[in-house]
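Engineer: here you go, sequence then predicted model.
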Amino acid sequence: MASKIYYIPATNDRLEKNVAIYCRVSTNEKEQLYSLSSQISALTRAVANVNQWRLADIFIDIGSAKRNAPRREFERLLKECEAHNISVVLTKSISRFGRDTVDTLSAINRLKKAGVRLIFEDEDLDTDKIDSNLMISVMESFAQAETESRSDNIRMGLAMRAATGTSGLYKRKLYEYTKNKDGELVIDEEQAKIVRDIFRWYLDGASVLGVIKKLSDAGIPSPTGKEKWNKRMIETMLKNQKYTGTVTLLDSATQEYQYQMKECISPIITESEFRAVQEEKAKRSNIVTDNDGTHRSSKKYSSKKKN
């Protein structure tokens with residue numbers, strides 16, 4: 001009996017993989033669009049040179065350099081990868097793929113979880129050929145440095161604006177002042193009278209609670225609109241140098257720098273009145289310094305007159 005020969009077709013061990021190209025330019029200016037065209041052409045040729053690759057889609061973002069600007073195509077790419085519709089992502093460079101290291105690192109982690117291969121052409125980085133954990137570790141160190149640099153730049157910007165008198169913090173609104181159409185702080189005379197009364201009452205001997213009682217008796221609502229004032233409000237007012245027209249900016253976290261602008265706004269009280277109140281506050285404080293060091297005094301201030 002003759003033997004039968006069966007034809008068994010060869011199996012394709014290397015299945016065709018869907019490849020996506022991602023390109024980004026920061027603006028839609030002519031030079032940038034030319035760069036975009038070059039990116040697409042070069043990456044398309046790269047895909048065509050690999051037999052098992054099939055170009056599935058091209059994702060393009062234009063004008064997305066700002067950190068918070070949406071990158072719709074980038075997000076669409078990540079979702080397609082997470083849906084397992086894409087096996088390989090090819091992009092020109094790390095700088096084109098992510099706007100900063102933190103952005104890039106986040107995307108790499110998402111692609112890694114989806115099992116997607118990522119290739120940066122310019123840097124010759126391929127997550128299939130190198131230790132992706134090592135690459136992520138290196139990029140994390142860059143991310144940390146970049147975050148610190150950004151924080152330093154923000155601090156430097158704040159300091160520069162403070163030093164040149166252009167900081168908006170100098171013109172931050174507070175009670176007794178209102179802003180005119182030019183954004184300048186101007187005195188609200190009705191409220192300013194209340195501040196002057198508070199300073200005067202305190203210098204005349206009234207305690208903070210005594211000042212609150214006077215305000216309550218006069219039916220004057222607090223800055224928040226409540227019927228009764230609290231001690232913190234009065235104490236904050238009495239130590240606010242801004243009422244003299246002088247504004248001080250201080251880094252409360254580090255105490256590293258301090259900027260002061262005199263005659264920044266129209267004064268409600270005089271410098272001498274402000275200093276007199278600070279001296280009076282110090283006298284009334286039950287913190288004393290003597291031969292025994294600094295400690296609390298057993299005596300407390302009383303606004304009641306002694307016979």
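Structural biologist: Perfect, I can see it now. Numbers count the residues shown, from 1 in each chain.

Engineer: show me what counts as buried in stretch 43-58.
Structural biologist: When burial is assessed from 16 or more other CB atoms under 10 Å, stretch 43-58 yields the following buried residues: L43, A46, V47, W53, A56, I58. In short, each C-beta sits where N, CA and C put it, glycine included.

Engineer: which of these fall within helices?
Structural biologist: Using DSSP state H, the members of the buried residues of stretch 43-58 that fall within helices are L43, A46, V47.

Engineer: ok, back up a step: columns distance to K231 and pLDDT on top of the buried residues of stretch 43-58, output as JSON lines?
Structural biologist: Converted to JSON lines, those look like this (distance: CB to CB, whole Å; pLDDT from 0 to 100):
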{"residue": "L43", "distance to K231": "68", "pLDDT": "93"}
{"residue": "A46", "distance to K231": "71", "pLDDT": "92"}
{"residue": "V47", "distance to K231": "72", "pLDDT": "94"}
{"residue": "W53", "distance to K231": "73", "pLDDT": "94"}
{"residue": "A56", "distance to K231": "68", "pLDDT": "95"}
{"residue": "I58", "distance to K231": "66", "pLDDT": "95"}
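
Engineer: ok, so of these, who is nearest D128?
Structural biologist: For D128, the nearest member of the buried residues of stretch 43-58 is W53. The distance, counting by CB to CB, is 12.8 Å.

Engineer: state the distance from the closest residue to that closest one other than its chain neighbours to K92.
Structural biologist: The spatially closest residue to W53, leaving aside those adjacent along the chain, is V19, at 4.7 Å (CB to CB, 6 or more residues apart in numbering). Plainly put, V19 is 14 Å away from K92 if you go by CB to CB, to the nearest Å.

Engineer: quick one on the thing from earlier: the residue nearest to W53 and L90 touch, don't they?
Structural biologist: Yes: taking CB atoms under 8 Å as the contact criterion, V19 and L90 are neighbours in contact, 6.0 Å apart.

Engineer: which residues do these two both contact?
Structural biologist: Jointly contacting V19 and L90 under the rule CB atoms under 8 Å, 6 or more residues apart in numbering are V47.

Engineer: so K228 sits right up against D217, yeah?
Structural biologist: No: counting by CB under 8 Å, no contact exists between K228 and D217, whose distance comes to 11.5 Å.

Engineer: export only the CA atoms of stretch 41-53, formatted as PDB.
Structural biologist: What follows is stretch 41-53, C-alpha atoms only, in PDB (Å, rounded to 0.1, in the frame of the first residue of the first chain):
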ATOM      1  CA  SER A  41       8.800  60.100   6.600                       C
ATOM      2  CA  ALA A  42      11.800  58.700   8.600                       C
ATOM      3  CA  LEU A  43       9.700  56.600  11.000                       C
ATOM      4  CA  THR A  44       7.500  55.300   8.200                       C
ATOM      5  CA  ARG A  45      10.600  54.000   6.300                       C
ATOM      6  CA  ALA A  46      11.900  52.400   9.600                       C
ATOM      7  CA  VAL A  47       8.600  50.500   9.900                       C
ATOM      8  CA  ALA A  48       8.700  49.400   6.200                       C
ATOM      9  CA  ASN A  49      12.300  48.000   6.700                       C
ATOM     10  CA  VAL A  50      11.000  45.300   9.100                       C
ATOM     11  CA  ASN A  51       9.100  42.400   7.500                       C
ATOM     12  CA  GLN A  52       7.000  41.500  10.500                       C
ATOM     13  CA  TRP A  53       5.900  45.100  11.200                       C
END
